[in-house]
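# curious how this folds, go ahead:
(chains A and B)
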Number of protein chains: 2
Amino acid sequence: MQNLIRIGIAGYGNLGRGVETAVHKNPDMQLVGIFTRRSPDLVKPCFAETQVFSLDALLNDFSDKIDVLILCGGSKDDLPQQGPIFASKFNTVDSFDTHARIPDYYAAVDAPATENKKTALISIGWDPGMFSINRLFGEALLPDGETYTFWGKGLSQGHSDAVRRVDGVKAGVQYTIPSTEAIEQVRSGARPQLSTKDKHHRECYVVLADGADAANVEQSIVTMPDYFADYNTTVNFISEETLAQDHQSMPHGGFVIRSGNTSDDQSQVIEFSLKLNSNPEFTASVLVAYARACYRLNQSQQYGAKTAFDVAPGLLSIKTPEQLRKELL
Amino acid sequence: MQNLIRIGIAGYGNLGRGVETAVHKNPDMQLVGIFTRRSPDLVKPCFAETQVFSLDALLNDFSDKIDVLILCGGSKDDLPQQGPIFASKFNTVDSFDTHARIPDYYAAVDAPATENKKTALISIGWDPGMFSINRLFGEALLPDGETYTFWGKGLSQGHSDAVRRVDGVKAGVQYTIPSTEAIEQVRSGARPQLSTKDKHHRECYVVLADGADAANVEQSIVTMPDYFADYNTTVNFISEETLAQDHQSMPHGGFVIRSGNTSDDQSQVIEFSLKLNSNPEFTASVLVAYARACYRLNQSQQYGAKTAFDVAPGLLSIKTPEQLRKELL
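Residues are numbered from 1 along each chain as shown, chains lettered A, B, ... in the order given. Now for the predicted structure:
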């Protein structure tokens, strides 16, 4: 029996809870504990046996007790600061998802990880992550083609925040909806030119503040630059009760479609899609599978920052290479 | 400018022609030539500039002129014999697709490749290959779940060959048809128990040899182990004219769907699908992308037999790791 892979969780929001749950689905892993900025006494883990520690204890007391630390903080404020620090002491996996800043973040994590012989898997999840791998597969397998990414149906955190900042809005959520007609056009092999707004529309569910004017609020939302002005946006006004009852889950998903030609006469379509009832739980589950790969990469002296592009699929599986060839190939 | 990757093609049927075409879509590669068992004068390549050589010349005259040899022979008779021999002199990529024999074939190729510091990628294509990767992703990302592979609608080369080997069959083709209802059941997250024949049926179109007995032929086909015995198979007898007119294209494709739960309340569905107008051209295109990976693995001293499970996605792309992180992650 091999030793269990010892996992730590840094940060305990929706994603951290998802990781705690996912570790229990992987019998080759054990959870060392949750590390939180809050007072550990105030944190209620999903499993009674989960230990909770202060984030301050992590760097000093746990560097030889954790094989892979999964970073569950946010990409805006937490990871740019935490990633490089933790990667100097631990093998790490994170879901850094600010696409435009990935090269900088990669460099910031790569240096301390390499110097300290640690392995840091960055930008793991579904987008970036599984969608990125499928964009790469599409280009490599069908070099003469077009790649289309559709998101949704899904709750968008950023756009929901934007809705809630509008004057007269008490509460609200926003869903990104992929255009069924656009998806069918792409699947046909026609290789249409489509902008992001051709591919999606946006649905808002808004609770008005007392005395707010619905028409004004709607106008402010649908004309908001960057977020809504370029899209077909619908605004639905609902009660606080309805919001609480029907809009608390966090579904998401989407499609990566590559349509290409292997010769003039032969079109081919590759499609990858996700239908997620819980976006944070799925992202957590991806992080945990990549924690296994992170551990193995480090064992084979592959140090520094890596992305999903650098991980051979076999490293993700609990099975041996022999089993994989026999059972899954 | 880096040197071009020098590709050789061993065997020139539908798959070999697809590889010839695919190499032209990859600007970092050049085609050294086609190697054929036939008299080279009798082979008409797709591109006028393609050189054609005798297969006999390959081992003696070309071992330092080819970076990766793509084996385009069949899995039943050609590859078990050719694979180990060529892997002792060349880096190779093949599409060995007899699932049950993969462990033996792996061992037979691994020994000579390792001994001679060559890299042999075996069982590359879409199934085994891209579908295998997605079966692995499904299990690793959603350990509590079920994987469903559906094939078709498509012409199966292996099954058509099997039909044509039956005594009394003059010519014929076989189509695999996925069950639409079964696919919808799986996509719903219901995790049904489905046997292979619940998921598909097989349709054969057969031209009888002169004097052959239709009932005997049908019985031989539907009871054939591995190929048909486990499936709901229908055999249609047609004329040679109908076969020539209606059954010359080679479409294929299918679906790999993983339906799982990240917690009791949250179901998640991952789906990968292919809609191929030309199965051999797509398979060829996959082989060529993996030839790039094969070359790079060999350059980094990764010797021996490997499968798609051992290849990090980034190795497939013409782009640099920096480009990939910036453009596709």
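# what about the residue lying closest to A:S239 once chain neighbours are set aside, how many residues nearby?
If you skip the residues right next to it in sequence, A:S239 has A:V207 as its closest partner in space, 6.7 Å away by C-beta to C-beta, 6 or more residues apart in numbering or on different chains. Using the backbone N, CA and C atoms, a C-beta is placed for each residue, glycine as well. Residue crowding around A:V207 was assessed by other C-beta atoms under 10 Å in any protein chain shown; the count is 20.
# quick check, A:V207 in a strand?
Yes - under the criterion used here (DSSP: H, G, I helix; E, B strand; the rest coil), A:V207 sits inside a strand.
# in contact with it, which residues?
Contacts for A:V207 (C-beta atoms under 8 Å, 6 or more residues apart in numbering or on different chains) come out as A:V169, A:K170, A:A171, A:G172, A:F237, A:I238, A:S239, A:E240, A:L243.
# mind picking the two most distant members of those residues?
Of all pairs drawn from the contacts of A:V207, the greatest distance, 13.7 Å, lies between A:V169 and A:S239 (C-beta to C-beta).
# which one of these two has more residues nearby?
Between A:V169 and A:S239, counted using other C-beta under 10 Å, the more crowded position is A:V169 (21 against 10).
# what's the distance between A:V173 and A:A244?
Distance, A:V173 to A:A244, using C-beta to C-beta, to the nearest Å: 11 Å.
# go on, A:R292?
Look at A:R292 and A:A244: by C-beta to C-beta, they are 38 Å apart.
# who has more neighbours out of those two?
Under the criterion of other C-beta under 10 Å, the comparison of A:R292 against A:A244 puts A:R292 first, with 23 against 12.
# okay, the helix or strand hosting that one in CSV with CA atoms only?
With the criterion set as DSSP states H and E, the secondary-structure element containing A:R292 is helix A:279-299. Included here for helix A:279-299 are C-alpha records, laid out as CSV according to Å, rounded to 0.1, in the frame of the first residue of the first chain:
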residue,chain,number,x,y,z
ASN,A,279,-19.5,25.3,-10.8
PRO,A,280,-17.4,25.5,-7.5
GLU,A,281,-17.7,21.8,-6.8
PHE,A,282,-16.6,20.8,-10.3
THR,A,283,-13.7,23.2,-10.3
ALA,A,284,-12.7,21.7,-6.9
SER,A,285,-12.9,18.2,-8.3
VAL,A,286,-10.5,19.2,-11.1
LEU,A,287,-8.1,20.8,-8.7
VAL,A,288,-8.0,17.6,-6.6
ALA,A,289,-7.3,15.4,-9.7
TYR,A,290,-4.5,17.7,-10.7
ALA,A,291,-3.1,17.6,-7.1
ARG,A,292,-2.4,13.9,-7.8
ALA,A,293,-0.5,14.9,-10.9
CYS,A,294,1.3,17.7,-9.1
TYR,A,295,2.5,15.2,-6.5
ARG,A,296,3.7,12.8,-9.2
LEU,A,297,5.4,15.5,-11.2
ASN,A,298,7.3,16.6,-8.1
GLN,A,299,8.3,13.0,-7.3
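# can you name the element that comes right after it?
With elements assigned by DSSP H and E, the helix or strand that comes after helix A:279-299 is strand A:304-306.
# who touches stretch A:301-308?
Outside of stretch A:301-308, the residues within contact range by C-beta under 8 Å, 6+ apart are A:87, A:102, A:106-107, A:109-110, A:113-114, A:117-124, A:128-130, A:132-133, A:290, A:294, A:297, A:310, B:313-314, B:324-325, B:329.
# do the same with stretch A:144-152
A:127, A:131, A:135, A:138-139, A:175-179, A:182-183, A:186, A:191, A:194, A:199-200, A:252-262, A:268, B:25.
# so which of those sit within helices?
If you go by DSSP state H, the contacts of stretch A:144-152 have A:F131, A:R135, A:G138, A:E139, A:A182, A:I183, A:V186, A:K199 in helices.
# and these, which is closest to chain B?
Using C-beta to the nearest C-beta, A:R135 comes nearest to chain B of these, at 4.8 Å.
# about what we covered before: what's the PyMOL line that selects buried ones from the contacts of stretch A:301-308?
Buried residues among those (16 or more other C-beta atoms under 10 Å in any protein chain shown), as a PyMOL selection:
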select buried, (chain A and resi 87+102+106+109+110+113+114+118+119+120+121+122+123+124+128+129+130+132+133+290+294+297+310) or (chain B and resi 313+314+324+325+329)
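# give me the subset of the contacts of stretch A:301-308 lying in strands.
Where the contacts of stretch A:301-308 overlap with strands, as defined by DSSP state E, the overlap consists of A:T119, A:A120, A:L121.
# help me confirm that the first one comes into contact with A:L297.
Yes - applying C-beta atoms under 8 Å as the test, A:T119 and A:L297 come out as touching, 4.8 Å apart.
# please list the residues of the stretch 51-200 of chain A that sit near chain B.
Neighbours of chain B within the stretch 51-200 of chain A, by C-beta under 8 Å from any C-beta of the partner chain: A:99, A:102-103, A:106, A:123, A:128, A:130, A:132-137, A:139-144, A:187, A:189.
# for the residue most central in space within chain A, give its distance to A:Y175.
Against the mean C-alpha coordinate of chain A, by C-alpha atoms, centre = their mean, the closest residue is A:G125 at 3.9 Å. From A:G125 across to A:Y175, the span is 19 Å (C-beta to C-beta).
# same thing with A:S88?
Counting by C-beta to C-beta, the gap between A:S88 and A:Y175 amounts to 40 Å.
# likewise for A:L42?
32 Å.
# do A:L136 as well
For A:L136, the distance to A:Y175 (C-beta to C-beta) stands at 28 Å.
# the strands in the stretch 151-300 of chain A, which residues?
Secondary structure of the stretch 151-300 of chain A (DSSP state E, counting those that start in this stretch): strands at A:154-155, A:169-178, A:200-208, A:233-237, A:252-263, A:266-276.
# same list, those, but as JSON lines with distance to B:T21 and mean pLDDT please.
Rendered in JSON lines, the data for the strands of the stretch 151-300 of chain A read as follows (distance: least, C-beta to C-beta, whole Å; pLDDT from 0 to 100):
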{"stretch": "strand A:154-155", "distance to B:T21": "39", "mean pLDDT": "94"}
{"stretch": "strand A:169-178", "distance to B:T21": "33", "mean pLDDT": "96"}
{"stretch": "strand A:200-208", "distance to B:T21": "35", "mean pLDDT": "96"}
{"stretch": "strand A:233-237", "distance to B:T21": "45", "mean pLDDT": "97"}
{"stretch": "strand A:252-263", "distance to B:T21": "5", "mean pLDDT": "97"}
{"stretch": "strand A:266-276", "distance to B:T21": "9", "mean pLDDT": "97"}
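# nearest to B:I66, out of the ones you listed?
Distance to B:I66, taken as C-beta to C-beta, is lowest for strand A:252-263 among the strands of the stretch 151-300 of chain A, at 22.6 Å.
# same for the closest one, what does it pack against?
helix A:130-141, strand A:145-151, strand A:154-155, helix A:180-187, strand A:266-276, helix B:14-23, helix B:279-299 (3 or more C-beta pairs under 8 Å, 6 or more residues apart in numbering or on different chains; DSSP states H and E).
# that strand to helix A:130-141, inter-axis angle?
In this structure, strand A:252-263 runs at an angle of 0 degrees to helix A:130-141, with axes from the mean of the first three to the mean of the last three C-alpha atoms, to 10 degrees as the basis.
# pull up the pairing partners for strand A:252-263, direction included.
Applying DSSP bridges to the sheet, strand A:252-263 is found paired with strand A:145-151 (antiparallel), strand A:266-276 (antiparallel).
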